[in-house]
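Student: no sequence on hand, only this structure:
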């Protein structure tokens, strides 16, 4: 028997590898975007702090801007530093 | 209301409804309006405290900037506690002020308030009169808090001797709550309470 492939369609799935299912700030699933974005993915990325907690970048930036004095992680209250 | 605040409150609302504390009747939230800007909370008085057996209703106002700013919470049910105003129900609790963090939720706020009922901070008072009694006459404080829980929060302990003193004042034409406040503030000394009310 001889099979001839005439065409094929590749399908891929992706997901963020985070240590939690939801963003602790907006409470939306990491696999969805933050409430201000429409499409999840590179335009609404996740960021990690050195404390290992992770959030949508748009959410953590809003939190840091709302803090007048020190910048603390909303989860563990350690000083927030972006993980390189 | 800003998108993020309303969306998050909706998700949190479901989270509280499903939580095990609700199953144990320890906390509760209800919607007040359709826009999720105002909610009604309820916490049960913790065991082994003068608040045991009482149900305390809270007003929760969600600011547009939530969760980047804390919800505004106050007690609607009158309560005798060093960190809660016996007049306005205003609460002195750090996480509702400068120690707020965006990862906190309605559920953690209600549980923190319940914890505050178990562990008062008399050195950081919201109600100085209550705080002084808490420190100087702890047994008197316990009795008063228990009495208020009975009267305002449906608590179990009726206290006939305290009720008698209140009746002595209401018989003189004083409004019942004012009589209770005066007596509570003067360690149930009828003479001093009367003096204060008529001065």
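Tutor: Structure's in. What do you need? Bear in mind that the values here come from a model prediction, so they are computed numbers and not experimental data. Residues are numbered from 1 along each chain as shown, chains lettered A, B, ... in the order given.

Student: distance check, residue B:162 against residue B:16.
Tutor: Separation of residue B:162 from residue B:16 (CB to CB, to the nearest Å): 35 Å. Every residue, glycine included, has its C-beta placed from N, CA and C.

Student: who has more neighbours, these two?
Tutor: Neighbours were counted for residue B:162 and for residue B:16 using other CB atoms under 10 Å in any protein chain shown; residue B:162 has more, 21 against 18.

Student: just to check, that one is in contact with residue B:183?
Tutor: Yes. Between residue B:162 and residue B:183 there is a contact at 7.4 Å, judged by CB atoms under 8 Å.

Student: and chain B, which residues reach chain A?
Tutor: B:3-4, B:7-8, B:11-12, B:15, B:65, B:67-69, B:99, B:101-105 (CB under 8 Å from any CB of the partner chain).

Student: quick one: the helices in chain A?
Tutor: For chain A, helices defined by DSSP state H occupy the ranges A:57-66.

Student: check chain B too.
Tutor: B:3-18, B:20-23, B:106-118, B:128-136, B:138-153, B:160-170, B:176-185, B:190-198.

Student: could I get the ones you listed as TSV with distance to residue A:74?
Tutor: Output for the helices of chain B, formatted as TSV (distance: least, CB to CB, whole Å):
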stretch	distance to residue A:74
helix B:3-18	13
helix B:20-23	22
helix B:106-118	12
helix B:128-136	31
helix B:138-153	33
helix B:160-170	45
helix B:176-185	39
helix B:190-198	47
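
Student: for residue A:66, which of those helices is the nearest?
Tutor: Closest to residue A:66 of the helices of chain B, according to CB to CB: helix B:3-18, at 11.8 Å.

Student: now the angle from the closest one to helix B:106-118?
Tutor: Helix B:3-18 and helix B:106-118 are oriented at 60 degrees to each other (axes from the mean of the first three to the mean of the last three CA atoms, to 10 degrees).

Student: what pLDDT does residue B:2 get?
Tutor: Per-residue confidence (pLDDT) for residue B:2: 58.

Student: pretty sure residue A:53 sits against residue A:76.
Tutor: Yes. Residue A:53 lies in contact with residue A:76 (CB under 8 Å); the separation is 6.3 Å.

Student: those two: which is more packed in?
Tutor: The residue with more neighbours, out of residue A:53 and residue A:76, is residue A:53; 21 against 15, by other CB under 10 Å.

Student: for the more buried one, which non-adjacent residue is spatially closest?
Tutor: Sequence neighbours aside, residue A:75 is the residue nearest to residue A:53 in space, at 4.4 Å (criterion: CB to CB, 6 or more residues apart in numbering or on different chains).

Student: how much space separates the residue nearest the centre of chain B from residue B:92?
Tutor: Closest residue to the average C-alpha location of chain B: residue B:75 at 4.3 Å, with CA atoms, centre = their mean. From residue B:75 across to residue B:92, the span is 12 Å (CB to CB).
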